[in-house]
Each structure stands twice: as C-alpha cells, then as structure tokens.
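Novice: mind folding the following:
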Amino acid sequence: MSSITLSAATRQNLLSLQDTAALTATTQNRLATGKKVNSALDDPLSFFTAQGLDNRSNDLNSLLNGVSNGVQVIQAANQGITSIQKLIDSAKSLANQALASKNYTTPAVSGFTTSTTGATYAAATTGTTTVNFTVDGVAKSATLAAGTGSSGATTASDVTAAVAALNTAAGTTAFAVDSGGTKIVAASTTSDVTFDSTEGAKIGFSSGITGTAAVPASGDATRTSLTSQFNNLLTQIDQLASDASYNGVNLLGGGGSNQLKIQFNENGKSSLVVQGVDFSSTGLGLSPVATSGANSNFQADTDINTVLTQLNAASSTLRAQSGAFGSNLTVVQNRQDFTKQLINILGTGSANLTNADLNEEAANSQALSTRQSMGISALSLANSAQQGILQLLR
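Specialist: Got it, this is the predicted structure:
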C-alpha cells in the first residue's frame, strides 16, 4: 500500500501539534508532581545535586532526635541538682537547730570538778583583776574588784562578788562559792568554758582548765530527734540522685562510664560529651550521724560544726556542677537550633534546583491549550484546498 501523501502545510501543522502535545504533557507532569526535575533524565546535574542535599538533610533530621533527648537528659540532671540543694538546705537547718539546743536535765562540767582544788581565791590588793576566758567558743572578759579586807585581803563577800562577776560575763551559771566561802568552784553549766593557765591562776586555779558541758546518758532529746531527721534527709538525697534520669541516662548517678554523648553532624566528627557525677550523699561527702556510741546523736557541738562544714562544701559542689550543666545545655540548645536552620537551608536549596514554579507552569498550560486550538484551526485551513478538489469530484 502506498504511503499517504500530505501537503507541506498539513505536515507542518501536524508537527506543530505534536510539539504542543509534548509540551503539554511536560507541563501537566510538572503541575501534578510540583517538580520540574523528576529524574536524572530531566536535568542530571540538578537532580543529583538536590539528591545529595536531601540526603544530608535527612541525616541531620535523624540526629535531631538524639540532640533533643540530650537536652532533656541535662535538664533532668539540673532539676535533680536543684532539688538536692533544697534537701541540703533543710539539712543545714536541722544542724543549726541541733546546735542551738542544749536542754540537758542534769548538766555538769567534768573538767572543772577536778580543777577547783587550787589556792583559795585572793583578789588583787589594789586595783582590779581582769580575767579572760571563752564560753562556747566566744571570748569573754570579767573584771574583778580588789579585796575589801584589811590590807586588801579577800573576804567572803569578795569571793561572792567575783563569782557574780564571772557568771555575768559568762552569761551562764558556770561558777559558785565553795562551802567555806573562800574558793571559786565550778557549778553545773550547759556551756563549754575554757581558761588558759595564766587566766586560771588569777582566780585561784593552779592550771589552765577546759570545762566541757557533760551530756546525760540519755542525751538531749531534741538533738536525738534532729539526728534521725538528718539521716532521713541523706536517704532522700540518695534516692533523688538515683531518680534524676531520662531515657535510661542519669548524670547524677555516678561518674566514670555514666556520661552522655551527643552527636551533632552526620559523620560523627562534631559531638559533645557530658560527664556524669556522683551526687549521692556519699558522693557529696556527707555521712549519716552516728546514733550510738561516744559523741553520737548530734550531742557534741564539734560534730555538728563538722557536719555544717560538709553541708556547705556540698552546696558549693552542687552550684559549681549546676553551672557546668547549664553551660552544656546552652551548647546543645544552640546546636539544636543551628541544625534545624541548616536542614531548612538544605531543603530550600534542593527545592530551588528541582521544584517547579506552579504559577509559571499554569500559565504555560493555558498558553499551550490556546496554541493547540490554534494549531487545529491551522490544520483545518491547510486541508481546505483538498476539500475544494473533493467538491469538484462530486
């Protein structure tokens, strides 16, 4: 069968319609997918460049979950420090209450009872005598008048006046007059009173003395109760440090392997390691107060002062570590924001290479539709000559 012969005008119009149809298909595909580059065949350079940007964006996006978890782990640890600090403050309050409590029922000063056998008290023959000593660690000073007897000799009233002056200066009844009325002796007291040998000699004591307020066998009930409360607080500190975890990571549960590593980029070359600490009571240098044996149950002031020193040191440690965690948290949050912005930049770059301008493609589609209509009309005109011949044949 012979081929169909078309006129040049008809053939040209058919080619134009075919080109228009191809362009229409391309435009419709871009409108449907929203992309001007859908495969490497469309634009190899743009396609593979965009693919690389998308891959890195996806990798960074997957890392954001780890960064977000890191933020929460550090915040959990920092909240744990804040709560432990409150327990430390409560422990300080208990220790100070114990230090202020001396409700002994049968106090005595053991050091004094063996140091009052010195010479009978003799006041200065003229002028006054100044005696320096300490009461519960606080410096005191008493001024004793000269003897009022013949040639400045000491009378019973002089001894009584000296005892009154000493007790007034001490702020407690630490001294008394012996039965003979000639000596200053120790009295029951709830305070710790200390003289050195020089000062002791001024009132008839042959050597320096240290009188420590004796504690009854049962101890002070208030201090004993506060000891139990203090030890309970240490237990709470241990439990709180153990519970300050997030997603299985606890930065307060102990050092060594207990650490948090946060990866910031896709190749692992950028990261942050947050080292854990031991903020249990033991890790903070705090020990339970003994409840039996010598100097137990907060009965000795020196033991309470030692505990207060430990608590102050623990507070300093907590504050320093809180600052360190705060610094780490700032770094992690900054990297988190940076990564989010970088993902956005990578996505925008990829879109610029492959996304279609839908407004432009819509306009193209409209223009192609008009062009196609005009092409059909042109083809009809091109065939009009042959239709005239048909009319002659009829």
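
Novice: show me what counts as buried in stretch 247-266.
Specialist: 249-254, 258, 260, 262-264 (16 or more other CB atoms under 10 Å). All C-beta spots, glycine's among them, are computed from the backbone N, C-alpha and C.

Novice: how far does that stretch sit from the chain's center?
Specialist: Mean-position distance between stretch 247-266 and its chain equals 15 Å (CA atoms, centre = their mean, to the nearest Å).

Novice: first-to-last residue distance for it?
Specialist: Stretch 247-266 has an end-to-end distance of 22 Å (CA to CA, to the nearest Å).

Novice: what comes into contact with stretch 44-53?
Specialist: Residues from elsewhere that reach stretch 44-53 (CB atoms under 8 Å, 6 or more residues apart in numbering): 37, 39-40, 346-347, 349-351, 353-354.

Novice: enumerate every residue touching the most centrally placed residue in the chain.
Specialist: Of all residues in the chain, the one closest to the mean position by CA atoms, centre = their mean is residue 78, 2.6 Å from it. Contacts were defined as CB under 8 Å, 6+ apart; by that measure residue 78 touches 322, 325-326, 329.

Novice: can I assume it sits in a helix?
Specialist: Yes: the assignment for residue 78 by DSSP: H, G, I helix; E, B strand; the rest coil puts it in a helix.

Novice: any idea how far it lies from residue 277?
Specialist: To residue 277, residue 78 is 12 Å away according to CB to CB, to the nearest Å.

Novice: of the contacts of residue 78, buried ones?
Specialist: 322, 325, 329.

Novice: in TSV, list those residues along with distance to residue 129.
Specialist: Below are the buried ones among the contacts of residue 78 laid out as TSV (distance: CB to CB, whole Å):
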residue	distance to residue 129
322	56
325	61
329	66
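
Novice: tell me the one of those residues nearest residue 19?
Specialist: Residue 19 has its nearest neighbour among those in residue 329, at 62.1 Å by CB to CB.

Novice: from residue 71, how far off is the closest one?
Specialist: Using CB to CB, one obtains 7 Å as the distance from residue 329 to residue 71.

Novice: same thing with residue 120?
Specialist: On the measure of CB to CB, residue 120 and residue 71 end up 79 Å apart.

Novice: so between the two, which is more surrounded?
Specialist: Using other CB atoms under 10 Å, the more surrounded residue of residue 120 and residue 71 is residue 71, with 18 against 13.

Novice: could you say which helix or strand holds the more buried one?
Specialist: Using DSSP states H and E, residue 71 sits within helix 44-100.

Novice: ok, residue 273 next?
Specialist: strand 271-275.

Novice: for that strand, buried residues please.
Specialist: Going by neighbour count (16+ other CB under 10 Å), the buried part of strand 271-275 is 272, 274.

Novice: cool, stretch 76-86 as well?
Specialist: In stretch 76-86, counting by 16+ other CB under 10 Å, buried: 76-78, 80-81, 83-84.

Novice: let me know the closest of these to residue 227.
Specialist: Among these, and counting by CB to CB, the member closest to residue 227 is residue 84, at 20.3 Å.

Novice: who does residue 263 bridge with?
Specialist: Per DSSP bridges, the residues bridged to residue 263 are residue 271.

Novice: what about it, distance to residue 54?
Specialist: In terms of CB to CB, residue 263 sits 20 Å off from residue 54.

Novice: stretch 251-265: end-to-end distance?
Specialist: 23 Å.

Novice: residue 278 - nearest residue in space that isn't next to it in sequence?
Specialist: Leaving out its chain neighbours, the residue that sits closest to residue 278 by CB to CB, 6 or more residues apart in numbering is residue 254, at 4.6 Å.

Novice: so can I have a markdown table of the buried residues of stretch 247-266 showing secondary structure?
Specialist: As requested, these are exported to a markdown table (three-state DSSP):
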| residue | secondary structure |
| --- | --- |
| 249 | strand |
| 250 | strand |
| 251 | coil |
| 252 | coil |
| 253 | strand |
| 254 | coil |
| 258 | coil |
| 260 | strand |
| 262 | strand |
| 263 | strand |
| 264 | coil |
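
Novice: count the residues that sit near residue 298.
Specialist: So residue 298, with other CB under 10 Å, has 28 neighbours.

Novice: how about it, secondary structure?
Specialist: With three-state DSSP as the basis, residue 298 sits in coil.

Novice: can you check residue 125 too?
Specialist: Looking at residue 125 with three-state DSSP, the answer is coil.

Novice: where do the strands of the protein begin and end?
Specialist: 128-135, 138-145, 175-177, 184-186, 193-194, 210-211, 245-246, 249-250, 259-263, 271-275 (DSSP state E).

Novice: nearest to residue 91, of the ones you listed?
Specialist: Closest of the strands of the chain to residue 91 is strand 249-250, at 22.1 Å (criterion: CB to CB).

Novice: what does that closest one contact?
Specialist: For strand 249-250, the surrounding residues in contact (CB under 8 Å, 6+ apart) are 73, 77, 241-242, 244, 258, 260, 276.

Novice: next: stretch 253-271.
Specialist: 56, 59-60, 63, 66-67, 70, 73-74, 241-242, 244-245, 249-251, 272-278, 280, 283, 332, 335, 339.

Novice: show the average pLDDT along it.
Specialist: The pLDDT scores in stretch 253-271 average 79.

Novice: re earlier: where helices are concerned, which of the buried ones among the contacts of residue 78 count?
Specialist: Judged by DSSP state H, those include 322, 325, 329 as members of helices.

Novice: in space, what's closest to the last one - neighbours in sequence excluded?
Specialist: Same thing as residue 329. Nearest residue to residue 329, sequence neighbours excluded (CB to CB, 6+ apart): residue 74, at 4.6 Å.

Novice: and the pLDDT for that neighbour?
Specialist: For residue 74, pLDDT reads 92.

Novice: contacts only, for residue 157.
Specialist: Residue 157 makes contacts with residue 148, as judged by CB under 8 Å, 6+ apart.

Novice: so where's the stretch 101-250 of the chain shaky on pLDDT?
Specialist: For the stretch 101-250 of the chain, applying pLDDT under 70 flags the ranges 102-119, 136-137, 188-191, 205-219.
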